[in-house]
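J.: What would the 3D arrangement of this be:
(chains A and B)
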Amino acid sequence: GAGVSQTPSNKVTEKGKYVELRCDPISGHTALYWYRQSLGQGPEFLIYFQGTGAADDSGLPNDRFFAVRPEGSVSTLKIQRTERGDSAVYLCASSLNPQGTEAFFGQGTRLTVV
Amino acid sequence: GEDVEQSLFLSVREGDSSVINCTYTDSSSTYLYWYKQEPGAGLQLLTYIFSNMDMKQDQRLTVLLNKKDKHLSLRIADTQTGDSAIYFCAEMQGSSNTGKLIFGQGTTLQVKP
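T.: Numbers count the residues shown, from 1 in each chain, chains lettered A, B, ... in the order given. Here you go, the predicted model:
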(Lines give C-alpha, C1' and ligand atoms only; values in the text may rest on other atoms or scores of the structure.)
Protein backbone atom coordinates (compact mmCIF):
# COMPACT_ATOMS: atom_id res chain seq x y z
CA GLY A 1 0.00 0.00 0.00
CA ALA A 2 0.95 3.65 -0.20
CA GLY A 3 1.33 4.21 3.53
CA VAL A 4 1.74 2.42 6.83
CA SER A 5 -1.39 0.43 7.58
CA GLN A 6 -2.47 -0.58 11.09
CA THR A 7 -5.27 -2.94 12.04
CA PRO A 8 -7.60 -2.87 13.78
CA SER A 9 -8.19 0.87 14.03
CA ASN A 10 -10.00 0.36 17.32
CA LYS A 11 -9.86 -2.46 19.81
CA VAL A 12 -11.85 -2.82 23.01
CA THR A 13 -10.84 -5.67 25.29
CA GLU A 14 -11.49 -6.81 28.81
CA LYS A 15 -8.87 -6.56 31.51
CA GLY A 16 -6.75 -9.68 31.58
CA LYS A 17 -7.27 -10.59 27.91
CA TYR A 18 -4.60 -10.99 25.24
CA VAL A 19 -4.49 -8.67 22.20
CA GLU A 20 -2.54 -8.47 18.97
CA LEU A 21 -2.06 -5.30 16.98
CA ARG A 22 -0.86 -5.48 13.39
CA CYS A 23 1.32 -3.13 11.34
CA ASP A 24 1.96 -3.26 7.58
CA PRO A 25 4.89 -0.95 6.81
CA ILE A 26 5.54 0.84 3.56
CA SER A 27 6.84 -1.66 1.02
CA GLY A 28 10.63 -1.81 1.03
CA HIS A 29 11.06 -0.10 4.39
CA THR A 30 13.49 -2.10 6.48
CA ALA A 31 13.12 -0.16 9.72
CA LEU A 32 9.92 -0.47 11.76
CA TYR A 33 8.98 1.22 15.03
CA TRP A 34 6.21 0.91 17.58
CA TYR A 35 5.23 3.86 19.76
CA ARG A 36 2.51 4.32 22.38
CA GLN A 37 0.60 7.56 22.76
CA SER A 38 -1.41 8.17 25.90
CA LEU A 39 -4.11 10.83 26.00
CA GLY A 40 -2.66 14.32 25.89
CA GLN A 41 0.91 13.10 25.52
CA GLY A 42 3.43 12.72 22.76
CA PRO A 43 4.28 9.26 21.42
CA GLU A 44 6.70 7.17 23.49
CA PHE A 45 9.07 4.72 21.87
CA LEU A 46 8.46 1.01 22.48
CA ILE A 47 10.56 -1.06 20.07
CA TYR A 48 12.58 -0.86 16.86
CA PHE A 49 13.07 -3.58 14.24
CA GLN A 50 15.73 -3.64 11.60
CA GLY A 51 14.65 -6.39 9.26
CA THR A 52 13.43 -9.33 11.31
CA GLY A 53 15.32 -8.58 14.49
CA ALA A 54 14.37 -6.33 17.38
CA ALA A 55 17.41 -4.06 17.50
CA ASP A 56 16.12 -1.96 20.40
CA ASP A 57 13.31 -3.02 22.74
CA SER A 58 14.25 -0.67 25.56
CA GLY A 59 10.86 1.05 25.52
CA LEU A 60 8.72 -2.00 26.21
CA PRO A 61 7.21 -1.30 29.65
CA ASN A 62 7.29 -4.88 30.99
CA ASP A 63 7.31 -8.51 29.91
CA ARG A 64 3.60 -8.49 29.07
CA PHE A 65 4.56 -6.65 25.88
CA PHE A 66 6.18 -8.46 22.99
CA ALA A 67 6.55 -7.77 19.27
CA VAL A 68 7.57 -9.83 16.27
CA ARG A 69 8.42 -9.25 12.63
CA PRO A 70 9.11 -12.76 11.34
CA GLU A 71 9.58 -12.01 7.65
CA GLY A 72 10.93 -8.49 7.90
CA SER A 73 7.72 -6.86 6.75
CA VAL A 74 4.49 -7.10 8.79
CA SER A 75 4.88 -6.69 12.54
CA THR A 76 2.59 -7.71 15.38
CA LEU A 77 2.59 -6.13 18.82
CA LYS A 78 1.30 -8.56 21.43
CA ILE A 79 0.05 -7.62 24.87
CA GLN A 80 -0.70 -10.30 27.45
CA ARG A 81 -2.92 -9.95 30.52
CA THR A 82 -3.99 -6.46 29.50
CA GLU A 83 -4.45 -3.81 32.18
CA ARG A 84 -6.51 -0.62 32.12
CA GLY A 85 -3.28 1.35 32.06
CA ASP A 86 -2.46 -0.18 28.68
CA SER A 87 -5.26 1.87 27.12
CA ALA A 88 -3.63 4.18 24.55
CA VAL A 89 -3.12 4.67 20.84
CA TYR A 90 -0.43 2.35 19.51
CA LEU A 91 1.40 3.85 16.56
CA CYS A 92 3.59 2.08 14.05
CA ALA A 93 6.13 3.82 11.82
CA SER A 94 8.48 2.66 9.10
CA SER A 95 11.55 4.08 7.47
CA LEU A 96 13.53 3.28 4.36
CA ASN A 97 16.93 3.59 5.96
CA PRO A 98 18.22 2.01 9.15
CA GLN A 99 18.79 5.36 10.85
CA GLY A 100 15.12 6.21 10.35
CA THR A 101 15.79 9.73 9.09
CA GLU A 102 12.28 9.95 7.62
CA ALA A 103 9.83 7.84 9.58
CA PHE A 104 6.24 7.64 8.35
CA PHE A 105 3.47 6.80 10.79
CA GLY A 106 0.30 4.80 10.45
CA GLN A 107 -3.10 5.94 11.74
CA GLY A 108 -2.68 3.98 14.93
CA THR A 109 -4.73 1.43 16.84
CA ARG A 110 -6.76 2.82 19.70
CA LEU A 111 -6.74 0.19 22.45
CA THR A 112 -9.26 0.45 25.25
CA VAL A 113 -9.06 -1.97 28.15
CA VAL A 114 -12.28 -2.11 30.19
CA GLY B 1 18.23 13.07 30.52
CA GLU B 2 15.79 12.87 27.69
CA ASP B 3 13.37 15.74 27.63
CA VAL B 4 11.60 17.66 24.90
CA GLU B 5 9.32 20.48 25.98
CA GLN B 6 6.71 22.50 24.17
CA SER B 7 4.09 25.02 25.16
CA LEU B 8 0.70 23.35 25.18
CA PHE B 9 -1.51 25.79 23.30
CA LEU B 10 -1.34 28.54 20.69
CA SER B 11 -4.23 30.50 19.19
CA VAL B 12 -3.87 32.69 16.10
CA ARG B 13 -6.12 34.38 13.56
CA GLU B 14 -6.35 33.08 10.03
CA GLY B 15 -3.76 34.79 7.84
CA ASP B 16 -1.38 35.53 10.73
CA SER B 17 1.93 33.75 11.25
CA SER B 18 2.18 31.04 13.90
CA VAL B 19 5.37 30.28 15.80
CA ILE B 20 5.58 27.04 17.77
CA ASN B 21 8.56 26.62 20.07
CA CYS B 22 10.38 23.59 21.43
CA THR B 23 13.36 23.02 23.69
CA TYR B 24 15.35 19.82 24.00
CA THR B 25 18.13 18.64 26.27
CA ASP B 26 20.32 16.26 24.28
CA SER B 27 23.18 18.21 22.73
CA SER B 28 24.09 15.21 20.60
CA SER B 29 20.76 15.21 18.75
CA THR B 30 21.34 14.62 15.05
CA TYR B 31 17.96 15.44 13.56
CA LEU B 32 15.02 17.45 14.85
CA TYR B 33 11.50 17.01 13.54
CA TRP B 34 8.10 18.56 13.35
CA TYR B 35 5.07 16.30 13.04
CA LYS B 36 1.41 17.30 12.68
CA GLN B 37 -1.48 15.31 14.14
CA GLU B 38 -5.08 16.01 13.24
CA PRO B 39 -7.92 14.63 15.40
CA GLY B 40 -8.14 10.85 15.23
CA ALA B 41 -5.25 10.62 12.80
CA GLY B 42 -1.67 9.44 12.87
CA LEU B 43 1.39 11.66 12.73
CA GLN B 44 2.25 13.45 9.51
CA LEU B 45 5.91 14.31 8.97
CA LEU B 46 6.02 18.02 8.17
CA THR B 47 9.71 18.76 8.04
CA TYR B 48 13.01 18.03 9.72
CA ILE B 49 16.38 19.69 10.09
CA PHE B 50 19.86 18.30 10.49
CA SER B 51 21.64 19.56 13.55
CA ASN B 52 24.41 21.33 11.61
CA MET B 53 21.85 23.62 9.95
CA ASP B 54 20.26 26.65 11.53
CA MET B 55 17.36 27.21 9.17
CA LYS B 56 15.24 25.30 6.73
CA GLN B 57 12.40 26.69 4.62
CA ASP B 58 9.73 24.65 2.88
CA GLN B 59 6.88 26.65 1.34
CA ARG B 60 4.92 28.18 4.27
CA LEU B 61 7.06 26.42 6.87
CA THR B 62 10.29 27.79 8.33
CA VAL B 63 12.30 25.85 10.89
CA LEU B 64 14.86 27.66 13.01
CA LEU B 65 17.41 25.81 15.12
CA ASN B 66 19.52 27.40 17.84
CA LYS B 67 21.83 24.58 18.80
CA LYS B 68 23.58 26.56 21.52
CA ASP B 69 20.30 27.13 23.36
CA LYS B 70 18.81 23.77 22.23
CA HIS B 71 15.80 25.64 20.87
CA LEU B 72 13.77 24.71 17.81
CA SER B 73 10.90 26.65 16.31
CA LEU B 74 8.38 26.15 13.54
CA ARG B 75 6.93 29.19 11.82
CA ILE B 76 3.83 28.77 9.70
CA ALA B 77 3.21 31.71 7.39
CA ASP B 78 -0.33 32.76 6.41
CA THR B 79 -1.89 30.27 8.83
CA GLN B 80 -5.09 28.64 7.57
CA THR B 81 -7.93 26.93 9.42
CA GLY B 82 -6.67 23.64 7.97
CA ASP B 83 -3.49 24.14 9.97
CA SER B 84 -5.44 23.58 13.19
CA ALA B 85 -3.91 20.46 14.74
CA ILE B 86 -1.42 19.29 17.36
CA TYR B 87 2.21 19.87 16.44
CA PHE B 88 4.89 17.63 17.91
CA CYS B 89 8.56 18.40 18.12
CA ALA B 90 10.88 15.37 18.25
CA GLU B 91 14.59 14.74 18.48
CA MET B 92 16.68 11.86 17.21
CA GLN B 93 19.49 11.35 19.66
CA GLY B 94 23.03 11.16 18.38
CA SER B 95 23.77 8.31 20.75
CA SER B 96 21.14 6.21 19.03
CA ASN B 97 21.72 4.59 15.65
CA THR B 98 18.21 3.22 15.62
CA GLY B 99 16.18 6.24 14.61
CA LYS B 100 14.38 6.29 17.94
CA LEU B 101 12.56 9.61 18.41
CA ILE B 102 11.88 11.47 21.65
CA PHE B 103 8.70 13.53 21.36
CA GLY B 104 7.41 16.57 23.18
CA GLN B 105 3.88 16.74 24.58
CA GLY B 106 2.58 18.58 21.55
CA THR B 107 1.31 22.11 20.96
CA THR B 108 -2.34 22.51 20.04
CA LEU B 109 -2.68 25.19 17.36
CA GLN B 110 -6.09 26.78 17.12
CA VAL B 111 -6.71 28.94 14.06
CA LYS B 112 -9.66 31.31 14.33
CA PRO B 113 -11.36 32.48 11.13
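J.: show me where pLDDT drops low in chain B?
T.: Where chain B drops to pLDDT under 70, the residues are B:1-2, B:95-96.
J.: Alongside chain A, which residues does it contribute?
T.: B:4, B:31, B:35, B:41-45, B:48, B:88, B:90, B:92, B:96-106 (Cβ under 8 Å from any Cβ of the partner chain). No exception for glycine: its C-beta is placed from N, CA and C like everyone else's.
J.: From the chain's centre, how far out is the helix or strand bottoming out on mean pLDDT in chain A? Work that out for me.
T.: For chain A, counting by mean pLDDT, DSSP states H and E, strand A:53-56 ranks last in confidence among helices and strands (a mean of 89). With Cα atoms, centre = their mean, to the nearest Å as the basis, strand A:53-56 stands 13 Å off its chain's centre.
J.: is chain B contacted by the following helix or strand past that strand?
T.: Following strand A:53-56 in sequence order, the next helix or strand is strand A:65-68 (DSSP states H and E). No. On the criterion Cβ under 8 Å from any Cβ, strand A:65-68 is out of touch with chain B, staying 14.2 Å away.
J.: circling back to that earlier point, taking the residues of chain B next to chain A one by one, which sit in strands?
T.: Of the residues of chain B next to chain A, the ones assigned to strands by DSSP state E are B:4, B:31, B:35, B:43-45, B:48, B:88, B:90, B:92, B:101-103.
J.: Closest to chain A out of the residues you listed?
T.: B:Phe103 (3.3 Å; Cβ to the nearest Cβ).
J.: how about the residues of chain A near chain B?
T.: Counting by Cβ under 8 Å from any Cβ, chain A comes close to chain B at A:4, A:6, A:31, A:33, A:35, A:40-45, A:48, A:50, A:55-56, A:59, A:91, A:93, A:95, A:98-108.
J.: Quick one: buried ones out of those?
T.: Among the residues of chain A next to chain B, those classed as buried by neighbour count (16 or more other Cβ atoms under 10 Å in any protein chain shown) are A:4, A:6, A:31, A:33, A:35, A:42-45, A:48, A:50, A:56, A:59, A:91, A:93, A:95, A:99-108.
J.: quick one: contacts for B:Ser27?
T.: B:Lys67, B:Lys70 (Cβ atoms under 8 Å, 6 or more residues apart in numbering or on different chains).
J.: what pairs with B:Ser73 across the strands?
T.: When bridges are called by DSSP bridges, B:Ser73 pairs up with B:Asn21, B:Leu64.
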